[in-house]
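# For reference, the sequence and a predicted model appear below.
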Amino acid sequence: MRDASDGPSGDLLAWYDVHARVLPWRTGPEERRAGVRPDPYRVWLSEIMLQQTTVAAVRAYFRAFTERWPTVQALAEAEDDAVMAEWAGLGYYARARNLLKCARVVAREHGGDFPDTVEGLRALPGIGPYTAAAVAAIAFDRPAVVVDGNVERVMARLHGVETPLPAAKKELTALAAALTPQERPGDHAQAVMDLGATICTPRNPACGLCPWRAPCVARAAGIAAELPRKSPKKPKPVRLGIAYVARRADGAWLMERRPDRGLLGGMTGWPTSDWSEAPSDDPPMDADWRDTGEEVRHTFTHFHLRLRILVAEVPEGSVPDRGAFVASVRPSDLPTLMRKVFDLARSAVPPR
DNA sequence: GATCCGTGGCT
DNA sequence: TAGCCAAGGAT
């Protein structure tokens, strides 16, 4: 009979008890021992923010969200635009749209309490296999099998799995399942991720400091840094586009809310042409558009974008074909691409 | 399984 | 510099 106090899981938990990172959303090992239960709302919020996103980037957003909306009920009652603006800059904006959907389902259909099982969590918007397992383990101490990029990397090295991702996913999940203890599963999940983030890093892993250096197959073979192998990625094509920045005589700016689906969905930004190999000139209103000669370069997940910037100064009473004039622009409410556009455009149309 | 979906830091 | 990488999910 194995429990958390012996075997590789026990070695990892002993390491975690000493080396656990202190994070704003985390209930540390000492706190847990003292009987402190994590707040499922904060665990869930942090997990959504941390999807494909670094701890460093998340910190400020987590603080802002929890100060403004301390509970899931408060978040559920927020305006859509307020949440999107608060999320601006963090990326993957479908997360923010699903965040709000999820909060409203939890508030309305679950009385403000998150489900405490993997299946219940998995049914909520924006919660997939990883997040369901992570919240179940961390917030409710259920022995769920948590598999993220860290776990995949650690398992691939520990067991010397040379099959490339994503084909190796199933095998790595099975290996992670075999190591998941019945005792302290929440701490175990966080321990593997901390190990991956601080010791078993993608490049230059610090194998000498690793609690699993003895059983690690990849280390023995001298190929730790080469694992996990990954299938080759497709090259990113270059797309072109035009951004139209119009300032009205009273200082208002013409902006447009993007459709809920697709790139930067639900975010406010400058009207643009389509983004393609040969974009068509499609200004949002009739005006004397002037080419600034400036170009924004921005790389998305699957393509590079070069956006020419056209500006126009238009009289009061102007009626746009699409979008609406807003009295003031807060760059912090905009996705990064649109901030870049504003930075260049505002110097091309200085205030009178 | 493949594709779409952001951003900033690091090498 | 250009590519790689980070606590993935939806379709």
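Received the coordinates, thanks.
# Can you list the low-confidence ranges for chain A?
Applying pLDDT under 70 to chain A picks out residues A:1-6, A:350-352.
# Strands of that one, residue ranges please.
A:238-248, A:253-257, A:268-269, A:290-299, A:304-314, A:324-326 (DSSP state E).
# and these as TSV, adding distance to DNA strand C and mean neighbour count?
(Glycine included, C-beta is placed from N, CA and C.) Formatted as TSV, the strands of chain A follow (distance: least, CB to the nearest atom of the strand, whole Å; neighbours: other CB atoms under 10 Å):
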stretch	distance to DNA strand C	mean neighbour count
strand A:238-248	10	21
strand A:253-257	19	19
strand A:268-269	20	22
strand A:290-299	7	14
strand A:304-314	8	19
strand A:324-326	27	15
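# among those, which is nearest A:Met84?
A:Met84 sits nearest to strand A:268-269 of all the strands of chain A, at 7.6 Å, using CB to CB.
# those helices in the stretch 151-300 of chain A, which residues are they?
A:169-179, A:185-198, A:217-221 (DSSP state H, counting those that start in this stretch).
# need the strands of chain A in a markdown table with distance to DNA strand B, can you?
Output for these, formatted as a markdown table (distance: least, CB to the nearest atom of the strand, whole Å):
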| stretch | distance to DNA strand B |
| --- | --- |
| strand A:238-248 | 10 |
| strand A:253-257 | 14 |
| strand A:268-269 | 9 |
| strand A:290-299 | 5 |
| strand A:304-314 | 9 |
| strand A:324-326 | 19 |
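# Select, out of those, the one closest to A:Phe65.
Taking the strands of chain A one by one with CB to CB, strand A:268-269 is closest: 18.6 Å.
# packing partners for that closest one?
With contacts defined as 3 or more CB pairs under 8 Å, 6 or more residues apart in numbering; DSSP states H and E, the packing partners of strand A:268-269 are helix A:80-87, strand A:253-257, helix A:336-348.
# May I see these arranged in TSV, with distance to A:Arg153 as well?
Formatted as TSV, the helices and strands packed on strand A:268-269 follow (distance: least, CB to CB, whole Å):
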stretch	distance to A:Arg153
helix A:80-87	28
strand A:253-257	39
helix A:336-348	28
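# got a list of what the residue of the stretch 51-200 of chain A found nearest DNA strand C touches?
In the stretch 51-200 of chain A, the residue found nearest to DNA strand C is A:Gly128; the distance is 2.5 Å by CB to the nearest atom of the strand. Contact analysis of A:Gly128 by CB atoms under 8 Å, 6 or more residues apart in numbering lists A:Arg122.
# what do you get if the cut-off is 7 Å, keeping everything else the same?
By CB atoms under 7 Å, 6 or more residues apart in numbering, A:Gly128 lies in contact with nothing.
# who in chain A is up against DNA strand C?
Selection of chain A residues close to DNA strand C by CB under 7 Å from any atom of the strand yields A:21, A:23, A:26, A:46-47, A:50-55, A:92, A:94, A:98, A:125-132, A:134, A:148-150, A:153, A:190, A:193-194, A:196-197, A:202-203, A:230, A:233, A:235-236, A:301.
# wait, what's in contact with the residue of chain A at minimum distance from DNA strand B?
Proximity of chain A to DNA strand B (CB to the nearest atom of the strand) peaks at A:Gly91, 2.7 Å away. By CB under 7 Å, 6+ apart, the contact list for A:Gly91 reads A:Thr53.
# cutoff 6 Å now
Residues near A:Gly91 by CB atoms under 6 Å, 6 or more residues apart in numbering: none.
# Give me the distance between it and A:Trp275.
Between A:Gly91 and A:Trp275 the distance is 17 Å, computed by CB to CB, to the nearest Å.
# swap in A:Tyr93?
16 Å.
# Leaving out sequence neighbours, find the closest residue to A:Thr292.
A:Ala348 (4.2 Å; CB to CB, 6 or more residues apart in numbering).
# wait, isn't that neighbour in contact with A:Ile309?
No. Look at A:Ala348 against A:Ile309 with CB atoms under 6 Å: they stay out of range, at 7.1 Å.
# what is in contact with these two at once?
A:Thr292.
# For the stretch 201-350 of chain A, which residues are neighbours of DNA strand B?
So the stretch 201-350 of chain A meets DNA strand B at A:203, A:231, A:234, A:262-265, A:298-302, A:335-337 (CB under 7 Å from any atom of the strand).
# likewise the stretch 51-200 of chain A?
Close to DNA strand B, as judged by CB under 7 Å from any atom of the strand, the stretch 51-200 of chain A has residues A:52-54, A:56-57, A:89-94, A:166-167, A:169.
# A:Ala57: neighbour count?
14 (other CB atoms under 10 Å).
# Spatially nearest residue to it, not counting backbone neighbours?
A:Ala57's closest residue in space is A:Leu90 (CB to CB, 6+ apart), at 6.7 Å.
# hang on, isn't the one you found packed against A:Tyr61?
Yes. In terms of CB under 6 Å, A:Leu90 counts as a neighbour of A:Tyr61; the distance is 5.4 Å.
# so what does the top helix by length along chain A touch, helix or strand wise?
Ranked by residue count under DSSP state H, the longest helix found in chain A is helix A:94-109. Counting contacts by 3 or more CB pairs under 6 Å, 6 or more residues apart in numbering; DSSP states H and E, helix A:94-109 packs against helix A:72-76, helix A:80-87.
# JSON lines please, covering these and showing mean neighbour count.
Shown next, in JSON lines, are these (neighbours: other CB atoms under 10 Å):
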{"stretch": "helix A:72-76", "mean neighbour count": "19"}
{"stretch": "helix A:80-87", "mean neighbour count": "18"}
